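[1] output the structure for:
(chains A and B)
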2 protein chains.
Amino acid sequence: MTAQPDPIGEPSTRIIISVDAMGGDAGPSVVVAGIAESARKNPDIGFILHGPEETLRKLVAKRRVLDGRVVFRDCADVVTMEDKPSQVVRSGKGSSMWSALESVREGEASGAVSCGNTGALMALSTIRLRRLPGVTRPAIAILFPSRNPQAFNVMLDAGADVRADARDLLQYALMGASYARNGLDLARPRVGLLNVGTEEHKGRAELKEAHGLISDFAAQANFEFVGFVEGSDIPGDRADVIVTDGFTGNVAIKTGEGTAGMIGALLRQAFRYSPLSRLASVLAITSLNRLRKRIDPRQVNGGVFLGLNGTVIKSHGSADATGVSAAVKLAFTLAQSGFGQKLAARVASTVELTQDTVQRADEGARQEPEGRA
Amino acid sequence: MTAQPDPIGEPSTRIIISVDAMGGDAGPSVVVAGIAESARKNPDIGFILHGPEETLRKLVAKRRVLDGRVVFRDCADVVTMEDKPSQVVRSGKGSSMWSALESVREGEASGAVSCGNTGALMALSTIRLRRLPGVTRPAIAILFPSRNPQAFNVMLDAGADVRADARDLLQYALMGASYARNGLDLARPRVGLLNVGTEEHKGRAELKEAHGLISDFAAQANFEFVGFVEGSDIPGDRADVIVTDGFTGNVAIKTGEGTAGMIGALLRQAFRYSPLSRLASVLAITSLNRLRKRIDPRQVNGGVFLGLNGTVIKSHGSADATGVSAAVKLAFTLAQSGFGQKLAARVASTVELTQDTVQRADEGARQEPEGRA
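    Below you'll find the predicted structure:
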């Protein structure tokens, strides 16, 4: 596991991404194909690749574009989709997933990408990289195709934790807004809190409390709070960032994916129905491909783990080369924008603000405002 | 509010549906157009129409197919979308919604249909029609377009109550299976419990408990329990009935609707993009219309309130005539199948079974069995 002698280019200009080659459904060849695609498009990227070195070297040797841009870390073990997170945390030290996170922990890489088991990756990331000060529950943020000009909305938590209290939801709002600024280049993102109606009296108790907290912090944290939003707003244009707990978020994403998949299948059926409709599909193919690309989850493959000391991207287990390349690109974009440092600073400042707010609330409305550090 | 002298056909053959003409976004003319559409397709249906009689009589007079098939109940008040349920329960007695439910309560009609405020309709229904014995939380069941042969899955609760404990989820499973048998004509529906993964160790505590309860009752209640399902299974073909709490269910439905709406908008855009794609849309129009019809929510418009003494259908507030007619058809189908009586019997039998199970469990733990009150 010591550093290999391979050159990885000029470290002063290249951004290094740590990639777990194992654990995805399609095996390491697809991961290597994915990083090759990224290397072709982006001269400023280098890789540390984790997995069985002999196998990986053979796969990399076939891709000339990767010459001199990959360092290997030999690991014999693989975390499977069936492994329980608790078990991986205890005995996963020899795995490619563990090793991929270690490169981020040691500062060798600016971010890690893995197609492996989500639960295990989150558990290992939390333990090895640690939470940012003030964050109780890290979250997974994903991009959901939407009617907004930027074509995607941020939604979190997508399933890191099935629970979230009002404070967690506030943290998600702050982290999600920061991600939207750096990942989607939105100067002042609009944040919505997911509920079953937009009226303020509706929904669960923790949501009403979170509504108040997020309202209080919106101006300081430089986002606009649009209040409660509904499921239809996740692919909509009322907000750029949708905040919810990991149970609801996970169900919503999978419902959206399932609905899109069903419509796609019915659409293909419709175009096969008659000679006329088959002709139509040929005529419309360019437009339809543009549509497909717009809503193709592979184009925005990657859930970002937020709230940790380091950037970790979870790629779909079933990602193909295009999907892996999209996840790598996201890791690169975030590294380039200095997202990790910005997020840490943002969360740290709001930890102080939260304490101020609580203290002021305790002291009552007539007390002297606290000086800020 | 006394019965009008109008004839409503031979009561021995016609099924009478009580319709709240007010409260929808489009006003009573759309509701009257909707019942006219139903009357045209179905000679065995008659209506009691609730709202301002003078207005309604004029609208009905324009539709010859409604001659002799409508009885009026004059009500001056309307429940608006902004009215709070608690307020409607206290002071909504003069409203068309209240009156529509009264016809079911009095046995004049086999079911009620309203396009009005969902929360108010559920609150009024619960108070006026009462819960079935053994049901703590009534639920709203909706039909979601799916890959299954029957083209739709049942999902509940769609938003009657933001909470549900394990017993409530069991009741939803029983009621949903009964609805699928009578509404979708499935002899032995497959029931799935919505979670964030299909592994049995995953998810919230009440879901693990509900998993056990539903397993225990599946055989007796004549459905197949497929265990945990995910959001992607709501439009999928692994289950016919999806059971969840009203918060998650409401978010899932609206996310699915929003996703379908976004794809539809992008598809229209794609077909307008170039002369070739415009030509393609003309050639494919029949196939595309078939697809649109398949996933058109208006075709299956209507959430059914389950767990009450009487059938109540909530139609979309924005429903057009086709949507209103679909809701009326659903009310008719359920009335014709004797759904109300069957559901009551099913729930009653499982109330005994639940008590037996609890008793057996207590005995198994070597405790003294409790005497039943």
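
[2] okay, domains of chain A per the record?
    Listed by automatic domain parsing, the domain ranges of chain A are A:1-135+A:307-363, A:142-299.

[3] go through those and name the closest to chain B.
    Among the domains of chain A, the nearest to chain B by CB to the nearest CB is domain A:142-299 (2.9 Å). No exception for glycine: its C-beta is placed from N, CA and C like everyone else's.

[4] ok, now which ones touch A:Pro235?
    For A:Pro235, the contact set (CB atoms under 8 Å, 6 or more residues apart in numbering or on different chains) comprises A:144-147, A:153, A:256, B:255, B:258-259, B:261-262.

[5] A:Leu266 reaches B:Leu288, doesn't it?
    No: counting by CB atoms under 8 Å, A:Leu266 sits too far from B:Leu288 to count as a contact (10.1 Å).

[6] those two: which is more packed in?
    Set A:Leu266 next to B:Leu288 and count neighbours by other CB atoms under 10 Å in any protein chain shown: B:Leu288 wins out with 21 against 18.

[7] distance from the helix or strand where A:Ala120 lies to the middle of the chain?
    Assigned by DSSP states H and E, A:Ala120 belongs to helix A:118-129. The chain centre lies 14 Å from the centre of helix A:118-129; the measure is CA atoms, centre = their mean, to the nearest Å.

[8] any idea which helix or strand comes after it?
    strand A:139-145.

[9] CA atoms of the helix or strand that that next one is followed by as PDB?
    For strand A:139-145, the following helix or strand on the C-terminal side (DSSP H and E) is strand A:152-156. The C-alpha trace of strand A:152-156 is given here as PDB (Å, rounded to 0.1, in the frame of the first residue of the first chain):
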ATOM      1  CA  PHE A 152     -30.900  19.700 -12.400                       C
ATOM      2  CA  ASN A 153     -31.900  20.300  -8.800                       C
ATOM      3  CA  VAL A 154     -29.900  19.300  -5.800                       C
ATOM      4  CA  MET A 155     -31.800  17.000  -3.400                       C
ATOM      5  CA  LEU A 156     -30.600  15.800   0.000                       C
END
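
[10] so what's the residue count around A:Leu283?
    Other residues lying near A:Leu283 total 20 when counted by other CB under 10 Å.

[11] any idea how far the closest residue to it other than its chain neighbours lies from B:Ala112?
    Among residues not flanking A:Leu283 along the chain, B:Ala280 sits closest, at 3.8 Å (CB to CB, 6 or more residues apart in numbering or on different chains). The spacing between B:Ala280 and B:Ala112, counted by CB to CB, to the nearest Å, is 45 Å.

[12] before we move on, what about A:Val241?
    Per CB to CB, A:Val241 is found 41 Å from B:Ala112.

[13] one more: A:Pro28?
    The spacing between A:Pro28 and B:Ala112, counted by CB to CB, is 61 Å.

[14] who's in contact with A:Leu193?
    A:169, A:173, A:207, A:210-211, A:214, A:225, A:227-229, A:243-244.

[15] now those residues as TSV including neighbour count, pLDDT and distance to B:Glu108?
    Listed next are these as TSV, based on neighbours: other CB atoms under 10 Å in any protein chain shown; pLDDT from 0 to 100; distance: CB to CB, whole Å:
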residue	neighbour count	pLDDT	distance to B:Glu108
A:Leu169	26	96	48
A:Ala173	27	96	51
A:Leu207	23	94	41
A:Ala210	27	95	46
A:His211	19	95	44
A:Ile214	24	95	49
A:Phe225	22	97	49
A:Gly227	16	96	43
A:Phe228	20	96	39
A:Val229	25	96	41
A:Val243	32	98	48
A:Thr244	28	97	44
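
[16] chain B next: which of these are close?
    Contacts with chain B within the contacts of A:Leu193, counted by CB under 8 Å from any CB of the partner chain: A:Thr244.

[17] so can I have CSV of the contacts of A:Leu193 showing secondary structure?
    Below are these laid out as CSV (DSSP: H, G, I helix; E, B strand; the rest coil):
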residue, secondary structure
A:Leu169, helix
A:Ala173, helix
A:Leu207, helix
A:Ala210, helix
A:His211, helix
A:Ile214, helix
A:Phe225, strand
A:Gly227, strand
A:Phe228, strand
A:Val229, strand
A:Val243, strand
A:Thr244, coil
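
[18] now the contacts of A:Leu193 as JSON lines including distance to B:Ala335?
    Converted to JSON lines, the contacts of A:Leu193 look like this (distance: CB to CB, whole Å):
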{"residue": "A:Leu169", "distance to B:Ala335": "44"}
{"residue": "A:Ala173", "distance to B:Ala335": "48"}
{"residue": "A:Leu207", "distance to B:Ala335": "38"}
{"residue": "A:Ala210", "distance to B:Ala335": "43"}
{"residue": "A:His211", "distance to B:Ala335": "42"}
{"residue": "A:Ile214", "distance to B:Ala335": "47"}
{"residue": "A:Phe225", "distance to B:Ala335": "47"}
{"residue": "A:Gly227", "distance to B:Ala335": "41"}
{"residue": "A:Phe228", "distance to B:Ala335": "37"}
{"residue": "A:Val229", "distance to B:Ala335": "37"}
{"residue": "A:Val243", "distance to B:Ala335": "43"}
{"residue": "A:Thr244", "distance to B:Ala335": "39"}
